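Whatever this is, show me its structure:
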Amino acid sequence: MNLVVFLCAFAALLVLGGIFSGTETGMYSASRLRVEAAAKSGGRTARLVRQLLSDDARLLITLLFAYNAVLQSLATLFERQIGAWISPPDAWREALASALLAPIVFFCIDLLPKDLFHRRPLALLHLSAWPVVVVQKLLLPIVWPLHLFALGIERLLGVRPTVER
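Okay, the predicted model is just below:
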């Protein structure tokens, strides 16, 4: 694989992973009162953020599924590139890719985005809302049955769903 293509794909996956990871933290950190106030006085994106947060189970399923897909894609991409660069045995390639990728993922996808979204949830949720909605629509065939399953489990356990209508 061309180095430029690898670096672009790698960077894009890091950004997507950071969006999904940070949005998860932002959804828990955002004041619902501020979200509501922004939606009433703000524009389309503010209303979109309110809509996303109104069904937190569906949002969480989307974010977790997308986050894990990004991690799997990053690992596969990185492992293949390591193999192209130095051609180690399979076991060494996996170990080397994991050792090199883990700190990058920890900092770029987990630590930094979660900290930023915790500090500025509403502002950053406005930036991440559209990419999350696009992914939510793309993953609808996966998210919808999982969401129904989660609602069924909540009902079975006597937990009230948090969907606001």
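
Can you pull up the most central residue in this protein?
Closest residue to the average C-alpha location of the chain: residue 20 at 1.7 Å, with Cα atoms, centre = their mean.

That one reaches residue 69, doesn't it?
No: between residue 20 and residue 69 there is no contact under Cβ atoms under 8 Å: 9.0 Å. In short, each C-beta sits where N, CA and C put it, glycine included.

by contact count, what packs against the helix or strand bottoming out on mean pLDDT in the chain?
Scoring the helices and strands of the chain by mean pLDDT, DSSP states H and E places helix 90-105 at the bottom, with a mean of 87. Applying 3 or more Cβ pairs under 8 Å, 6 or more residues apart in numbering; DSSP states H and E, one finds that helix 90-105 contacts helix 56-86.

Specify the angle between the helix it packs on and helix 90-105 in degrees.
If you take axes from the mean of the first three to the mean of the last three Cα atoms, to 10 degrees, helix 56-86 sits at 130 degrees to helix 90-105.

returning to that earlier point: and the closest residue to the residue nearest to the centre of the chain other than its chain neighbours, how far from residue 76?
Excluding its sequence neighbours, the residue lying closest to residue 20 (Cβ to Cβ, 6 or more residues apart in numbering) is residue 67, at 4.2 Å. Distance, residue 67 to residue 76, by Cβ to Cβ, to the nearest Å: 15 Å.

Which of these two has more residues huddled nearby?
residue 67 (20 against 11; other Cβ atoms under 10 Å).

Any stretches of the protein with poor pLDDT?
In the predicted model of the chain, residues 1, 161-165 satisfy pLDDT under 70.
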